[in-house]
Every structure is written in structure tokens, then in C-alpha cells.
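>>> requesting a structural model of the entry that follows:
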Amino acid sequence: LEDVDHVEDNYTTSDSVDTSLTCDQYMDNIDIVLNDGALRSSRCPSAKCCQAKLLMEFDVYNQPFIQCRLHSPSHARHLKLGSLQEYDTKYLCALLEDDWDIISHCENTTKLAGYGPCSPCDYVASPSTQLQLCPHWHRGADMKLKQGAMQKWASGCHATFQMFVP
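Numbers count the residues shown, from 1 in each chain. Below is the predicted model of the structure:
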């Protein structure tokens, strides 16, 4: 990754950050463009979305699932997500219920481990990928989860190289 950071034509949302910063301090000082909805793919028209609350519930086998409050056998088009066994259901439940004590605890714990929405993003992509948004979620200053907008990384490095593809 260190070699990739010096290539002129790469895109990144990376910033060097003091690891002692809290999530709020980091997001107040970050130089990343967060998606405000304007950078949605130009090929995908915005669709109407259900505004009902999402709920985490448990089935008869005590397995968690998330579903729209309006989901029912007669309204099966509303969201229902199962197979959440591999996810941190405590964090998901806190997100759905806006429990900021648990959310901040989980996000600061993951930040200390080097990942999560409060950790510095080091995602890099070549221009040929044509990405508009970073695939990782970031916690904005308004405390909403958003995807960062990919932008050209201004670098003083003049190194170039050629790639040969079979």
C-alpha cells in the first residue's frame, strides 16, 4: 500500500490522523468529501423508498432478522433481511434504535482496532475503476453514516509506470 500511495493517478480518501482523536474530533477535522446524495450513480435514477421504521426481531430459533415495520405476508415487498449471524447484532440493533451510547462504544472500539466508520479511510482506487463513492461507510460531522466521494489525490510525485496486460 505504501508504493500505491505515491502513484500520481490514484484516487484516495486517506488522511493521516492522530490515533488519539475521538470519532467526533476526527470527523470535524477530516478532509474527505462525504456524499450528500448528489453523487449517486448517474445511471441509477432515484427511486421512492419506504420511510417506515426498520425493526430487529428474532425468529422461533432465536435468530435475528431485520424487517420493515410494514412487512407482512400480504405486504411482502417491504424489506426483510435474514442471516445476520455473522454481523454484530448489538451494533445493528443500536443503529436501528438510535442508542448513541452503544453506537459510540462499538465505533470507538473498532476504530482502535483500525477499522469502522470512525477510522481513517485508506481506500485507494485506480482511475480505470471509475468509482464515484468509497465502498466504506464514514461517520459524518452530522453523525450520519455516509459514503465518501472519491476524488483525485493531488500529489507532487511524478513517478509513472506502464502496465502490461496479457
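
>>> grab the most central residue of this structure for me.
Trp137 (1.1 Å; CA atoms, centre = their mean).

>>> can you tell me the closest non-neighbouring residue to Cys68?
Nearest residue to Cys68, sequence neighbours excluded (CB to CB, 6 or more residues apart in numbering): His78, at 3.8 Å. Quick note: C-beta positions are derived from backbone N, CA and C, even for glycine.

>>> distance of that neighbour relative to Arg69?
8 Å (CB to CB, to the nearest Å).

>>> ok, Val124 next?
To Arg69, Val124 is 40 Å away according to CB to CB.

>>> can you list the strands that the longest strand anywhere in the chain pairs with?
Using DSSP state E, we find that the single longest strand of the chain is strand 133-139. Strand 133-139 has the following sheet partners, assigned by DSSP bridges: strand 145-149 (antiparallel).

>>> and the next helix or strand after the partner strand, how far out from the chain middle?
Using DSSP states H and E, the next helix or strand after strand 145-149 towards the C-terminus is strand 151-152. Its chain's C-alpha centre and that of strand 151-152 lie 18 Å apart, by CA atoms, centre = their mean, to the nearest Å.

>>> quick check: pLDDT value at Asp31.
For Asp31, the pLDDT comes out at 48.

>>> rewinding a little: what's the burial count for the residue nearest to Cys68?
Using other CB atoms under 10 Å, His78 has 14 neighbouring residues.

>>> so Glu107, which of the three states?
helix (DSSP: H, G, I helix; E, B strand; the rest coil).

>>> which residue packs closest to it, ignoring adjacent ones?
Excluding its sequence neighbours, the residue lying closest to Glu107 (CB to CB, 6+ apart) is Cys118, at 4.8 Å.

>>> from Arg139, how far out is the one you found?
According to CB to CB, Cys118 stands 5 Å off from Arg139.

>>> does the residue nearest to Glu107 really touch Thr109, like I thought?
No: look at Cys118 against Thr109 with CB atoms under 8 Å: they stay out of range, at 9.8 Å.

>>> between those two, which is the more surrounded one?
For Cys118 and Thr109, the more surrounded residue by other CB under 10 Å is Cys118, and the numbers stand at 24 against 13.
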